[in-house]
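**Q** Turn this into a structure:
(chains A and B)
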Number of protein chains: 2
Amino acid sequence: MNAQIIFQFKKMLQNLDGCMSKATAYSDGKKFDVNVLASYRLAPDMFPFNKQIQAACDSAKFCAAYLSGQTPPKHDDTEVTWGELRVRIGKVVTYLDTFKESDFANIESVQVKPGWAHGKWLKGEEYLQELAVPNFYFHLMAAYAILRHAGVDIGKQDYIGHLDLKS
Amino acid sequence: MNAQIIFQFKKMLQNLDGCMSKATAYSDGKKFDVNVLASYRLAPDMFPFNKQIQAACDSAKFCAAYLSGQTPPKHDDTEVTWGELRVRIGKVVTYLDTFKESDFANIESVQVKPGWAHGKWLKGEEYLQELAVPNFYFHLMAAYAILRHAGVDIGKQDYIGHLDLKS
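**A** Numbers count the residues shown, from 1 in each chain, chains lettered A, B, ... in the order given. Alright, predicted model coming up:
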(Lines give C-alpha, C1' and ligand atoms only; values in the text may rest on other atoms or scores of the structure.)
Protein backbone atom coordinates (compact mmCIF):
# COMPACT_ATOMS: atom_id res chain seq x y z
CA MET A 1 0.00 0.00 0.00
CA ASN A 2 1.28 3.41 -0.98
CA ALA A 3 0.03 6.24 1.25
CA GLN A 4 0.61 8.73 -1.56
CA ILE A 5 -3.03 8.36 -2.62
CA ILE A 6 -4.00 9.91 0.74
CA PHE A 7 -1.31 12.60 0.69
CA GLN A 8 -2.55 13.58 -2.78
CA PHE A 9 -5.82 14.71 -1.16
CA LYS A 10 -3.85 17.57 0.37
CA LYS A 11 -2.59 18.78 -3.00
CA MET A 12 -6.06 18.55 -4.52
CA LEU A 13 -7.61 20.55 -1.66
CA GLN A 14 -4.93 23.20 -2.03
CA ASN A 15 -5.62 23.34 -5.78
CA LEU A 16 -9.33 23.83 -5.05
CA ASP A 17 -8.44 26.58 -2.59
CA GLY A 18 -6.61 28.24 -5.48
CA CYS A 19 -9.79 27.97 -7.58
CA MET A 20 -11.70 29.65 -4.76
CA SER A 21 -9.18 32.48 -4.80
CA LYS A 22 -9.80 32.93 -8.54
CA ALA A 23 -13.55 32.92 -7.82
CA THR A 24 -13.00 35.87 -5.48
CA ALA A 25 -11.15 37.74 -8.21
CA TYR A 26 -13.99 36.92 -10.63
CA SER A 27 -16.61 38.22 -8.19
CA ASP A 28 -14.60 41.40 -7.63
CA GLY A 29 -14.49 42.02 -11.39
CA LYS A 30 -18.21 41.33 -11.80
CA LYS A 31 -19.02 43.26 -8.61
CA PHE A 32 -21.00 40.55 -6.86
CA ASP A 33 -20.60 39.02 -3.40
CA VAL A 34 -18.51 35.84 -3.77
CA ASN A 35 -20.39 34.31 -0.83
CA VAL A 36 -23.47 33.81 -3.01
CA LEU A 37 -21.53 31.03 -4.77
CA ALA A 38 -21.44 29.06 -1.50
CA SER A 39 -25.12 28.18 -2.00
CA TYR A 40 -24.82 27.33 -5.74
CA ARG A 41 -25.75 23.81 -6.87
CA LEU A 42 -25.52 21.81 -10.10
CA ALA A 43 -28.95 20.24 -9.47
CA PRO A 44 -31.67 20.85 -6.86
CA ASP A 45 -30.98 17.43 -5.30
CA MET A 46 -27.21 17.90 -5.08
CA PHE A 47 -25.29 19.59 -2.26
CA PRO A 48 -24.53 23.31 -2.63
CA PHE A 49 -20.92 24.42 -2.90
CA ASN A 50 -20.35 24.82 0.84
CA LYS A 51 -21.52 21.28 1.58
CA GLN A 52 -19.41 19.91 -1.28
CA ILE A 53 -16.36 21.50 0.37
CA GLN A 54 -17.32 20.13 3.79
CA ALA A 55 -17.84 16.65 2.31
CA ALA A 56 -14.54 16.69 0.39
CA CYS A 57 -12.72 17.81 3.55
CA ASP A 58 -14.44 15.12 5.64
CA SER A 59 -13.74 12.43 3.09
CA ALA A 60 -10.00 13.21 3.25
CA LYS A 61 -10.00 13.58 7.04
CA PHE A 62 -11.90 10.38 7.79
CA CYS A 63 -9.84 8.40 5.29
CA ALA A 64 -6.55 9.40 6.94
CA ALA A 65 -7.97 8.86 10.44
CA TYR A 66 -9.69 5.51 9.85
CA LEU A 67 -6.74 4.00 7.97
CA SER A 68 -4.24 5.05 10.62
CA GLY A 69 -6.39 4.10 13.60
CA GLN A 70 -6.69 7.68 14.83
CA THR A 71 -9.74 9.60 16.06
CA PRO A 72 -10.42 12.39 13.56
CA PRO A 73 -10.88 16.00 14.73
CA LYS A 74 -14.50 17.16 14.74
CA HIS A 75 -15.58 19.92 12.36
CA ASP A 76 -19.13 21.19 12.72
CA ASP A 77 -20.14 22.01 9.12
CA THR A 78 -21.12 25.56 9.98
CA GLU A 79 -19.22 27.27 7.14
CA VAL A 80 -21.30 29.54 4.90
CA THR A 81 -18.84 32.22 3.75
CA TRP A 82 -15.92 31.94 1.35
CA GLY A 83 -13.50 32.79 4.14
CA GLU A 84 -14.93 30.17 6.47
CA LEU A 85 -14.78 27.51 3.75
CA ARG A 86 -11.14 28.31 3.01
CA VAL A 87 -10.35 28.04 6.72
CA ARG A 88 -12.04 24.60 6.74
CA ILE A 89 -9.82 23.48 3.87
CA GLY A 90 -6.81 24.80 5.75
CA LYS A 91 -7.73 22.78 8.84
CA VAL A 92 -7.81 19.53 6.87
CA VAL A 93 -4.58 20.35 5.03
CA THR A 94 -2.93 20.94 8.42
CA TYR A 95 -4.38 17.65 9.71
CA LEU A 96 -3.14 15.69 6.68
CA ASP A 97 0.30 17.21 7.27
CA THR A 98 0.51 15.39 10.61
CA PHE A 99 0.67 11.98 8.89
CA LYS A 100 3.64 10.08 7.57
CA GLU A 101 3.68 7.01 5.34
CA SER A 102 4.34 4.63 8.24
CA ASP A 103 1.04 5.69 9.88
CA PHE A 104 -0.72 3.70 7.17
CA ALA A 105 1.28 0.50 7.56
CA ASN A 106 -1.69 -1.55 8.81
CA ILE A 107 -4.26 -0.89 6.08
CA GLU A 108 -4.38 -4.59 5.21
CA SER A 109 -5.68 -5.50 8.67
CA VAL A 110 -7.79 -2.42 9.50
CA GLN A 111 -11.56 -2.81 9.55
CA VAL A 112 -13.35 0.44 8.69
CA LYS A 113 -16.91 1.09 9.85
CA PRO A 114 -18.31 4.02 7.85
CA GLY A 115 -20.63 6.16 10.00
CA TRP A 116 -23.68 5.43 7.80
CA ALA A 117 -23.15 1.63 7.61
CA HIS A 118 -24.94 0.60 10.82
CA GLY A 119 -21.88 -1.10 12.28
CA LYS A 120 -20.99 -3.01 9.11
CA TRP A 121 -17.39 -2.79 7.95
CA LEU A 122 -15.06 -2.82 4.96
CA LYS A 123 -11.48 -4.00 4.72
CA GLY A 124 -9.11 -1.02 4.82
CA GLU A 125 -8.10 -1.50 1.21
CA GLU A 126 -11.72 -1.76 -0.01
CA TYR A 127 -12.62 1.34 1.95
CA LEU A 128 -9.72 3.30 0.47
CA GLN A 129 -10.12 2.33 -3.18
CA GLU A 130 -13.86 1.77 -3.53
CA LEU A 131 -15.24 4.43 -1.19
CA ALA A 132 -12.81 7.03 0.17
CA VAL A 133 -11.01 7.91 -3.08
CA PRO A 134 -14.11 7.96 -5.35
CA ASN A 135 -16.05 9.90 -2.71
CA PHE A 136 -13.29 12.46 -2.20
CA TYR A 137 -13.02 13.17 -5.91
CA PHE A 138 -16.82 13.25 -6.23
CA HIS A 139 -17.16 16.19 -3.86
CA LEU A 140 -13.95 17.91 -4.93
CA MET A 141 -14.98 17.81 -8.57
CA ALA A 142 -18.58 18.79 -7.81
CA ALA A 143 -17.24 21.93 -6.11
CA TYR A 144 -14.94 22.65 -9.06
CA ALA A 145 -17.78 22.07 -11.54
CA ILE A 146 -20.04 24.50 -9.68
CA LEU A 147 -17.38 27.19 -10.12
CA ARG A 148 -17.00 26.40 -13.83
CA HIS A 149 -20.77 26.40 -14.27
CA ALA A 150 -20.90 29.81 -12.58
CA GLY A 151 -18.40 31.19 -15.07
CA VAL A 152 -15.28 31.40 -12.90
CA ASP A 153 -12.19 31.57 -15.11
CA ILE A 154 -10.48 28.33 -14.09
CA GLY A 155 -9.43 25.27 -16.05
CA LYS A 156 -7.97 21.80 -15.81
CA GLN A 157 -4.54 23.16 -14.86
CA ASP A 158 -5.99 24.80 -11.75
CA TYR A 159 -7.53 21.46 -10.79
CA ILE A 160 -4.41 19.36 -11.46
CA GLY A 161 -1.88 21.87 -10.15
CA HIS A 162 1.88 21.83 -10.56
CA LEU A 163 3.53 18.74 -12.05
CA ASP A 164 7.27 18.17 -11.70
CA LEU A 165 7.93 17.49 -15.40
CA LYS A 166 11.53 16.53 -16.11
CA SER A 167 13.59 17.06 -19.30
CA MET B 1 2.49 0.11 -5.20
CA ASN B 2 -0.98 -1.35 -5.17
CA ALA B 3 -2.51 -1.76 -8.64
CA GLN B 4 -6.00 -1.68 -7.17
CA ILE B 5 -6.17 2.06 -7.84
CA ILE B 6 -6.04 1.24 -11.57
CA PHE B 7 -8.42 -1.73 -11.38
CA GLN B 8 -10.89 0.56 -9.59
CA PHE B 9 -11.18 2.55 -12.83
CA LYS B 10 -13.01 -0.44 -14.29
CA LYS B 11 -15.61 -0.47 -11.53
CA MET B 12 -16.16 3.28 -11.82
CA LEU B 13 -16.64 3.07 -15.61
CA GLN B 14 -19.13 0.25 -15.14
CA ASN B 15 -20.98 2.35 -12.56
CA LEU B 16 -21.13 5.23 -15.03
CA ASP B 17 -22.43 2.85 -17.67
CA GLY B 18 -25.22 2.01 -15.22
CA CYS B 19 -25.98 5.74 -14.90
CA MET B 20 -26.22 5.94 -18.69
CA SER B 21 -28.70 3.10 -18.63
CA LYS B 22 -30.82 5.04 -16.15
CA ALA B 23 -30.55 8.08 -18.44
CA THR B 24 -32.07 6.01 -21.23
CA ALA B 25 -34.99 5.05 -18.96
CA TYR B 26 -35.38 8.72 -18.03
CA SER B 27 -35.46 9.79 -21.68
CA ASP B 28 -38.00 7.07 -22.49
CA GLY B 29 -40.27 8.35 -19.72
CA LYS B 30 -39.89 11.96 -20.81
CA LYS B 31 -40.17 10.98 -24.50
CA PHE B 32 -36.96 12.64 -25.70
CA ASP B 33 -34.02 11.23 -27.64
CA VAL B 34 -31.34 10.24 -25.11
CA ASN B 35 -28.64 11.06 -27.68
CA VAL B 36 -29.23 14.78 -27.15
CA LEU B 37 -27.54 14.38 -23.76
CA ALA B 38 -24.31 13.42 -25.52
CA SER B 39 -23.80 17.08 -26.43
CA TYR B 40 -24.74 18.50 -23.01
CA ARG B 41 -22.14 20.54 -21.12
CA LEU B 42 -21.84 22.09 -17.66
CA ALA B 43 -20.22 25.22 -19.10
CA PRO B 44 -19.59 26.46 -22.66
CA ASP B 45 -15.83 25.99 -22.20
CA MET B 46 -16.09 22.43 -20.83
CA PHE B 47 -16.28 19.22 -22.85
CA PRO B 48 -19.74 17.88 -23.72
CA PHE B 49 -20.82 14.53 -22.29
CA ASN B 50 -19.45 12.43 -25.15
CA LYS B 51 -15.97 13.95 -24.84
CA GLN B 52 -16.04 13.54 -21.06
CA ILE B 53 -16.65 9.82 -21.61
CA GLN B 54 -13.89 9.59 -24.20
CA ALA B 55 -11.48 11.41 -21.88
CA ALA B 56 -12.35 9.24 -18.87
CA CYS B 57 -11.87 6.11 -20.98
CA ASP B 58 -8.56 7.38 -22.34
CA SER B 59 -7.32 8.38 -18.91
CA ALA B 60 -7.89 4.82 -17.63
CA LYS B 61 -6.49 3.21 -20.79
CA PHE B 62 -3.32 5.31 -20.96
CA CYS B 63 -2.68 4.91 -17.25
CA ALA B 64 -2.77 1.11 -17.45
CA ALA B 65 -0.69 1.08 -20.65
CA TYR B 66 1.98 3.59 -19.62
CA LEU B 67 2.52 2.06 -16.17
CA SER B 68 2.83 -1.47 -17.54
CA GLY B 69 5.00 -0.54 -20.52
CA GLN B 70 2.38 -1.55 -23.08
CA THR B 71 1.21 0.24 -26.20
CA PRO B 72 -2.44 1.24 -25.67
CA PRO B 73 -5.11 0.38 -28.24
CA LYS B 74 -6.17 3.32 -30.41
CA HIS B 75 -9.74 4.64 -30.13
CA ASP B 76 -10.73 7.37 -32.57
CA ASP B 77 -13.13 9.53 -30.50
CA THR B 78 -15.92 9.28 -33.06
CA GLU B 79 -18.72 8.35 -30.63
CA VAL B 80 -21.78 10.61 -30.71
CA THR B 81 -24.66 8.28 -29.75
CA TRP B 82 -25.49 6.73 -26.41
CA GLY B 83 -24.93 3.28 -27.84
CA GLU B 84 -21.54 4.17 -29.29
CA LEU B 85 -20.43 5.72 -25.99
CA ARG B 86 -21.43 2.62 -24.04
CA VAL B 87 -19.47 0.47 -26.51
CA ARG B 88 -16.44 2.72 -25.92
CA ILE B 89 -16.73 2.16 -22.18
CA GLY B 90 -17.00 -1.57 -22.82
CA LYS B 91 -13.80 -1.55 -24.88
CA VAL B 92 -11.82 0.03 -22.04
CA VAL B 93 -13.36 -2.29 -19.43
CA THR B 94 -12.29 -5.24 -21.59
CA TYR B 95 -8.81 -3.74 -21.96
CA LEU B 96 -8.42 -3.20 -18.20
CA ASP B 97 -9.46 -6.83 -17.69
CA THR B 98 -6.32 -7.95 -19.53
CA PHE B 99 -4.07 -6.65 -16.71
CA LYS B 100 -2.95 -8.34 -13.55
CA GLU B 101 -1.24 -6.80 -10.53
CA SER B 102 2.22 -8.01 -11.55
CA ASP B 103 1.98 -5.99 -14.79
CA PHE B 104 2.48 -2.90 -12.65
CA ALA B 105 5.53 -4.12 -10.76
CA ASN B 106 7.89 -1.53 -12.28
CA ILE B 107 6.02 1.69 -11.56
CA GLU B 108 8.92 2.98 -9.43
CA SER B 109 11.28 2.93 -12.40
CA VAL B 110 8.89 3.79 -15.27
CA GLN B 111 9.22 7.21 -16.89
CA VAL B 112 5.93 8.43 -18.35
CA LYS B 113 5.85 10.99 -21.15
CA PRO B 114 2.30 12.40 -21.41
CA GLY B 115 1.37 13.13 -25.03
CA TRP B 116 0.97 16.87 -24.40
CA ALA B 117 4.25 17.30 -22.47
CA HIS B 118 6.62 17.81 -25.44
CA GLY B 119 8.85 14.90 -24.48
CA LYS B 120 9.09 15.81 -20.79
CA TRP B 121 8.40 13.03 -18.31
CA LEU B 122 7.09 12.18 -14.87
CA LYS B 123 8.07 9.35 -12.54
CA GLY B 124 5.49 6.56 -12.73
CA GLU B 125 4.29 7.20 -9.22
CA GLU B 126 3.91 10.95 -9.80
CA TYR B 127 2.04 10.31 -13.03
CA LEU B 128 -0.35 7.89 -11.32
CA GLN B 129 -1.18 9.92 -8.22
CA GLU B 130 -0.87 13.50 -9.43
CA LEU B 131 -2.17 13.21 -12.99
CA ALA B 132 -3.85 9.93 -13.99
CA VAL B 133 -6.10 9.44 -10.95
CA PRO B 134 -7.22 13.09 -10.59
CA ASN B 135 -7.75 13.34 -14.36
CA PHE B 136 -9.76 10.10 -14.53
CA TYR B 137 -12.10 11.21 -11.75
CA PHE B 138 -12.35 14.70 -13.26
CA HIS B 139 -13.88 13.40 -16.48
CA LEU B 140 -15.87 10.60 -14.87
CA MET B 141 -17.47 13.00 -12.41
CA ALA B 142 -18.02 15.67 -15.06
CA ALA B 143 -20.03 13.09 -17.05
CA TYR B 144 -21.99 12.09 -13.95
CA ALA B 145 -22.64 15.74 -13.06
CA ILE B 146 -23.98 16.46 -16.55
CA LEU B 147 -26.54 13.69 -16.07
CA ARG B 148 -27.54 15.02 -12.63
CA HIS B 149 -27.78 18.55 -14.02
CA ALA B 150 -30.04 17.23 -16.79
CA GLY B 151 -32.39 15.70 -14.22
CA VAL B 152 -31.53 12.01 -14.59
CA ASP B 153 -32.66 10.11 -11.49
CA ILE B 154 -29.28 8.90 -10.21
CA GLY B 155 -27.46 9.45 -6.93
CA LYS B 156 -24.25 8.82 -5.05
CA GLN B 157 -24.97 5.09 -4.79
CA ASP B 158 -25.03 4.76 -8.57
CA TYR B 159 -21.64 6.47 -8.70
CA ILE B 160 -20.04 4.44 -5.90
CA GLY B 161 -21.65 1.11 -6.80
CA HIS B 162 -21.72 -2.06 -4.72
CA LEU B 163 -19.64 -2.24 -1.53
CA ASP B 164 -18.93 -5.58 0.12
CA LEU B 165 -20.02 -4.53 3.63
CA LYS B 166 -19.44 -7.23 6.24
CA SER B 167 -21.34 -7.89 9.50
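
**Q** quick one, longest helix in chain A?
**A** Taking DSSP state H as the assignment, the helix of chain A that covers the most residues is helix A:4-30.

**Q** all strands for chain A, in order.
**A** According to DSSP state E, chain A carries its strands in the segments A:111-112, A:122-123.

**Q** Just list what the last one packs against, helices and strands only.
**A** When you say that, I think you mean strand A:122-123. strand A:111-112 (3 or more CB pairs under 8 Å, 6 or more residues apart in numbering or on different chains; DSSP states H and E). Just so you know, the C-beta spots here come from the backbone N, C-alpha and C atoms, and that holds for glycine as well.

**Q** Please compute how far the strand it packs on lies from its chain's middle.
**A** Distance of strand A:111-112 from its chain centroid, counting by CA atoms, centre = their mean, to the nearest Å, is 21 Å.

**Q** cool, stretch A:40-58 as well?
**A** How far stretch A:40-58 lies from its chain's middle: 11 Å, per CA atoms, centre = their mean.

**Q** Start and end of that stretch, how far apart?
**A** Distance across stretch A:40-58, first residue to last, is 20 Å (CA to CA, to the nearest Å).

**Q** Next, the buried residues of that stretch.
**A** Burial within stretch A:40-58, assessed by neighbour count using 16 or more other CB atoms under 10 Å in any protein chain shown, is assigned to A:41-42, A:46-58.

**Q** The residue most central in space within chain A: what's it in contact with?
**A** With distances taken as CA atoms, centre = their mean, the residue of chain A nearest its centroid is residue A:56 (3.0 Å). When contacts are counted by CB atoms under 8 Å, 6 or more residues apart in numbering or on different chains, residue A:56 touches A:13, A:16, A:136, A:139-140, A:143.

**Q** hmm, 6 Å instead?
**A** A:139-140 (CB atoms under 6 Å, 6 or more residues apart in numbering or on different chains).

**Q** any low-confidence regions in chain A?
**A** Along chain A, segments meeting pLDDT under 70 span A:1.

**Q** sorry, back to before: next, the angle from the longest helix of chain A to helix B:4-30.
**A** Counting by axes from the mean of the first three to the mean of the last three CA atoms, to 10 degrees, helix A:4-30 lies at 50 degrees to helix B:4-30.

**Q** returning to that earlier point: check the buried residues of stretch A:40-58 against chain B and report the nearest one.
**A** Using CB to the nearest CB, residue A:42 is the member of the buried residues of stretch A:40-58 that lies nearest chain B, at 5.0 Å.

**Q** Isn't the closest one up against residue B:149?
**A** Yes: here residue A:42 reaches residue B:149: they are 5.0 Å apart, a contact under CB atoms under 6 Å.

**Q** Which residues of chain A lie near chain B?
**A** Within chain A, the positions near chain B by CB under 6 Å from any CB of the partner chain are A:1-2, A:4, A:8, A:42-43, A:46, A:117, A:120-121, A:129-130, A:134, A:137-138, A:141, A:145, A:148-149, A:160, A:163, A:165-167.

**Q** And residue A:120, its phi and psi?
**A** Reported as degrees, to the nearest 10, the phi and psi values for residue A:120 are phi -70, psi 160.

**Q** Please tell me I have it right and it contacts residue A:127.
**A** No: counting by CB under 6 Å, residue A:120 does not reach residue A:127; the two are 11.4 Å apart.

**Q** Compare the two (neighbour count), which wins?
**A** Taking neighbours as other CB atoms under 10 Å in any protein chain shown, residue A:120 and residue A:127 compare with residue A:127 leading, 23 against 14.

**Q** Tell me the buried residues in the longest helix of chain A?
**A** Neighbour counts over helix A:4-30 (16+ other CB under 10 Å) mark A:4-13, A:15-17, A:19-20, A:23-24, A:26-27 as buried.

**Q** I'm done for today, thanks for sticking with me.
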